[in-house]
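S.K.: let's see this in three dimensions:
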Amino acid sequence: MILSNVISQLLGGMVTSVEIFLLTLLFSLPLGLAIAGGRMSSIAPLRWLMKIYISIMRGTPLMLQLIVVFFAPYYVFGISLSADYRFIAVIIAFTMNYAAYFAEIYRGGIESINSGQYEAAQVLGYSRLETFFIIILPQVFKIILPSVTNEVITLVKDTSLSFVIAIPEMFTVAKQIAAADASIAALLVAGVFYYVFNILVAFVMERLENRLDYYE
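M.R.: Predicted coordinates:
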């Protein structure tokens, strides 16, 4: 009975970690592309705003960002929030943080594309949007995939930072069980979970990279 309860708690923490991981990717990847567009914009105020945003997100700890996102609505605006906001705050903070990193990765990939491709697309009658999404972006994905893979693997491990606002993800649950049982078994299980999760992520990203080999 005790063992089944421990397994149930660990599985619950595992599900929470996976949810944080998937939702962060779902929102941060497209947001990063939008931020990269702003960062490369010809509109100076927008360009500098995005540059400052990226600088703040990359220059401060994710743990601090989690605390600010969670407590700011109450201490800045006096808004009382429900317990459910904890998980929402985690997704907001992780998305904002990782979008900044992805934005710089996107920017590097976009700027690496030869300008002649834009000119060729214009000659062929493509609009600027068509040129970007049909010709440029697929090549950018191929170029940036190794860097994106590194960030995604880091994200798997960073989900453990959710403990700072008491989100019961895998590592937090494992620590609680380890403290209650005076045993590191649960922590070892958590370590195996992160390791296997990262192996799966690396495998999926490698398969994706192989599928994009036709751009070589």
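
S.K.: for the helix or strand encompassing residue 192, packing partners?
M.R.: If you go by DSSP states H and E, residue 192 is part of helix 185-211. Under the contact definition 3 or more CB pairs under 8 Å, 6 or more residues apart in numbering; DSSP states H and E, helix 185-211 sits against helix 2-39, helix 137-158, helix 170-181. Any C-beta I mention is one placed from the backbone N, CA and C, and that applies to glycine too.

S.K.: least confident of those, on average?
M.R.: Among the helices and strands packed on helix 185-211, helix 170-181 carries the lowest mean pLDDT, a mean of 83.

S.K.: circling back to that earlier point, buried ones in the helix holding residue 192?
M.R.: Neighbour-count burial for helix 185-211, counted by 16 or more other CB atoms under 10 Å, picks out 186, 189-190, 193-194, 197-198, 201, 205.

S.K.: quick revisit: closest one to residue 57 among the helices and strands packed on helix 185-211?
M.R.: Set against residue 57 and scored by CB to CB, the helices and strands packed on helix 185-211 come closest in helix 2-39, at 9.3 Å.

S.K.: which residues touch residue 87?
M.R.: Applying CB atoms under 8 Å, 6 or more residues apart in numbering to residue 87 gives the contacts 16, 167.

S.K.: try it again with 7 Å
M.R.: By CB atoms under 7 Å, 6 or more residues apart in numbering, the contact set of residue 87 is residue 167.

S.K.: what secondary structure does it sit in?
M.R.: With DSSP: H, G, I helix; E, B strand; the rest coil as the basis, residue 87 sits in helix.

S.K.: if I look at it, how far off is residue 20?
M.R.: Using CB to CB, to the nearest Å, we find residue 87 at a distance of 8 Å from residue 20.

S.K.: and residue 43, by the same measure?
M.R.: According to CB to CB, residue 43 stands 34 Å off from residue 20.

S.K.: residue 120: neighbour count?
M.R.: Counted with other CB atoms under 10 Å, residues neighbouring residue 120 total 13.

S.K.: quick thing: my sequence starts at 126, can you match it?
M.R.: New numbering, starting at 126: the last item is residue 245.

S.K.: secondary structure element holding it?
M.R.: Assignment of secondary structure by DSSP H and E places residue 245 within helix 240-248.

S.K.: cool, thanks, talk later.
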